[in-house]
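Q: Turn this into a structure:
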Amino acid sequence: MTELEIMGAAAKVAERVLAVAGTTRKNDALEAIQEALLNNKDRILAANAIDIEIAESSGIKRAFLDRLLLTGERIDGIARGVAELIALSDPIGEVISMSDRPNGLTIGKRRVPLGVIGIIFEARPNVTVDAASLCLKAGNACILRGGKEAINSNSVLVDIMREALATSGLPEDCICLVRDTSRESAKELMGLREYVDVLIPRGGSGLIKSVVENASVPVIETGLGNCHVYVDDAADLEMAARIVENAKCSRPSVCNAMETLLVSETVANEFLPLVLPRLNKYNVELRCDAKALKILGDSAIPATESDWETEYDDYILAIKIVSDIDEAMDHIARYGTGHSEAIVTNDYAKSQRFLNEVDAAAVYVNASTRFTDGGEFGLGAEIGISTQKMHARGPMGLREITSCKYVIYGNGQIR
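A: So this is what the prediction gives:
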């Protein structure tokens, strides 16, 4: 057996224990993880500093560094996420339905874990804890495979969580980490059907495409976010400016950040100069269509066709002026990835059209796309944001990483 097959077999054994562990044991383990994270801040920050130093020396762009960086405050936030997860109800064992058949059988549907979840993700150390803790609460073992840029941070975080599991009486192999960050290890994990029940990629378009195209393990697509904000002619322009700044600039490296700004031609001459100083604070590069270029002049460069379909994950923003809400929705339908879309308007009829007609996992009226997040939606930490039209769509919390089984009670029936 390969090293990864051995890990998969161990995770499978651990998952059988975890699946019937009960809420109290799982919450005790999560509490131990939370305390261990807070008690080992220096250890985590030292490992993260190594990753940051290597990344900086290799010329990584600043938005990428931001998602790689851990601080004491961010570790506190990660630990709070674990605490919030403890407070959530346990979905496992929930009776979804129960009915009596004419033949006397009682047939029920009960929520159960998915099993072993493989998660392939890029340089976001917070995902290591978010994914592992969510899987644990929902009764799933996990095999984590992060990017090479965060390997020191991820290794320490997983070591800390496994130590906490051991002290709480659950198998350490409920949380496993693939420490080989080569492409070969990712490829092998994608084909580990004997041990992995579902694979969830979390990262940029290249990673997601690679997993979807190459995996033989069932895949839930997550994260690809070419998100739009449409500023309507009936918008409160000051509100719109605040929303645009937040959606683009608060954390441009994440999948719920805005990548394209659509502006009604009726308000474009007033709105674009209004929002420009907010974007200039962050040195956002503006890539505009011909109409927007006439307004913004030297503050922008011409957009190409590829700009409308690009998830930048950086301080880059495409801007297009549209005639009305119909053109805005047509643009979103063509270039959007089904993640998060927003309209800013005080016209109720238009807001309802946008909500009803735009096809995305999360659709907003008068709010930033940055709220598409498991914590913000009250789900606790998230394992990813699904852009598929399956059982899981949008932020994937506890229930989205469960399955179901039918349970049938009889008294001797035969067919």
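Q: contacting residues around residue 363?
A: With contact taken as CB atoms under 8 Å, 6 or more residues apart in numbering, residue 363 is in contact with 340-342, 354-355. For glycine as for every other residue, the C-beta is placed from the backbone atoms N, C-alpha and C.
Q: which ones among the residues you listed are found in strands?
A: Judged by DSSP state E, the subset of the contacts of residue 363 located in strands is 340-342.
Q: Residues touching stretch 408-415, excluding its own?
A: Contacts of stretch 408-415 (CB under 8 Å, 6+ apart): 103-108.
Q: between those residues, which is closest to residue 300?
A: residue 108 (59.9 Å; CB to CB).
Q: which SS class is that closest one?
A: Per DSSP: H, G, I helix; E, B strand; the rest coil, the secondary structure class of residue 108 is strand.
Q: now swap in residue 132 and tell me
A: helix.
Q: ok, the nearest residue in space to it that is not next to it in sequence to residue 147 distance?
A: Excluding the flanking residues, the one nearest residue 132 by CB to CB, 6 or more residues apart in numbering is residue 175, at 4.7 Å. From residue 175 across to residue 147, the span is 18 Å (CB to CB, to the nearest Å).
Q: What helices and strands are in contact with the helix or strand hosting residue 84?
A: According to DSSP states H and E, residue 84 maps onto helix 72-87. The helices and strands touching helix 72-87, judged by 3 or more CB pairs under 8 Å, 6 or more residues apart in numbering; DSSP states H and E, are helix 23-39, helix 41-57, helix 125-137.
Q: For residue 137, give its distance to residue 395.
A: Distance from residue 137 to residue 395, counting by CB to CB: 15 Å.
Q: Make CSV out of the ones in strands among the contacts of residue 363 and add neighbour count and distance to residue 401.
A: What follows is these, written out as CSV (neighbours: other CB atoms under 10 Å; distance: CB to CB, whole Å):
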residue, neighbour count, distance to residue 401
340, 30, 20
341, 30, 25
342, 29, 27
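Q: just to revisit the earlier point, then the helix holding residue 84 to CSV, C-alphas only?
A: C-alpha atoms of helix 72-87 as CSV (Å, rounded to 0.1, in the frame of the first residue of the first chain):
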residue,chain,number,x,y,z
GLY,A,72,-3.1,36.3,16.7
GLU,A,73,-6.4,38.0,15.9
ARG,A,74,-7.1,35.6,13.0
ILE,A,75,-6.3,32.6,15.2
ASP,A,76,-8.8,33.9,17.7
GLY,A,77,-11.3,34.1,14.9
ILE,A,78,-10.6,30.6,13.9
ALA,A,79,-11.0,29.4,17.5
ARG,A,80,-14.3,31.3,17.7
GLY,A,81,-15.5,29.5,14.6
VAL,A,82,-14.9,26.2,16.4
ALA,A,83,-16.8,27.5,19.5
GLU,A,84,-19.7,28.5,17.3
LEU,A,85,-19.8,25.1,15.7
ILE,A,86,-20.0,23.5,19.2
ALA,A,87,-23.2,25.5,19.8
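Q: List of residues touching it?
A: Residues outside helix 72-87 that contact it (CB under 8 Å, 6+ apart): 27, 30-31, 33-34, 37-38, 41, 44-45, 126, 129-130, 133-134, 137, 375, 380-381, 398.
Q: Can you list the buried residues in the helix or strand harbouring residue 333?
A: For residue 333, the enclosing helix or strand under DSSP H and E is helix 325-335. Neighbour-count burial for helix 325-335 flags 325, 327-329, 331-332, 335 (criterion: 16 or more other CB atoms under 10 Å).
Q: who's in contact with stretch 208-216?
A: Outside stretch 208-216, the residues that touch it by CB under 8 Å, 6+ apart are 120, 186-187, 190-191, 193, 199, 201, 219, 221-224.
Q: Repeat the analysis, applying 7 Å as the threshold.
A: With contacts defined as CB atoms under 7 Å, 6 or more residues apart in numbering, stretch 208-216 is touched by 120, 187, 190-191, 193, 199, 201, 219, 221, 223-224.
Q: can you name the two of these that are farthest apart?
A: Taking CB to CB, no two of these sit farther apart than 193 and 224, at 24.3 Å.
Q: quick one: which of those two has more around it?
A: residue 224 (19 against 13; other CB atoms under 10 Å).
Q: Who are the contact partners of the more buried one?
A: 205, 208, 255, 311, 337, 339, 387.
Q: Who has more neighbours out of residue 175 and residue 147?
A: Using other CB under 10 Å, the more surrounded residue of residue 175 and residue 147 is residue 175, with 30 against 20.
Q: What's opposite the more buried one in the beta bridge?
A: residue 142 (DSSP bridges).
Q: separation between it and residue 181?
A: From residue 175 to residue 181 the distance is 17 Å (CB to CB).
Q: Report how many residues lie close to residue 102.
A: As a burial measure, residue 102 scores 5 neighbours (other CB under 10 Å).
Q: pLDDT and distance to residue 272 added to the ones in strands among the contacts of residue 363, as JSON lines?
A: Below are the ones in strands among the contacts of residue 363 laid out as JSON lines (pLDDT from 0 to 100; distance: CB to CB, whole Å):
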{"residue": "340", "pLDDT": "97", "distance to residue 272": "22"}
{"residue": "341", "pLDDT": "98", "distance to residue 272": "20"}
{"residue": "342", "pLDDT": "98", "distance to residue 272": "17"}
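Q: Show me the contact partners of the worst-scoring helix or strand of the chain on mean pLDDT.
A: Here the helix or strand of the chain ranked lowest by mean pLDDT, DSSP states H and E is helix 62-68, holding a mean of 80. Residues from elsewhere that reach helix 62-68 (CB under 7 Å, 6+ apart): 51-52, 55-56, 123-124, 149-150, 251-254, 313-315.
Q: And these, which of them are buried?
A: 51-52, 55, 123-124, 149-150, 252-254, 313-315.
Q: Return the item of the residues you listed having minimum pLDDT.
A: For those, the least confident position by pLDDT is residue 123, scoring 80.
Q: Surely it and residue 149 touch.
A: Yes: the pair residue 123 and residue 149 passes the contact test of CB atoms under 7 Å, sitting 3.9 Å apart.
Q: how about residue 157, what does it touch?
A: Residue 157 neighbours (CB under 7 Å, 6+ apart): 44, 125, 128-129.
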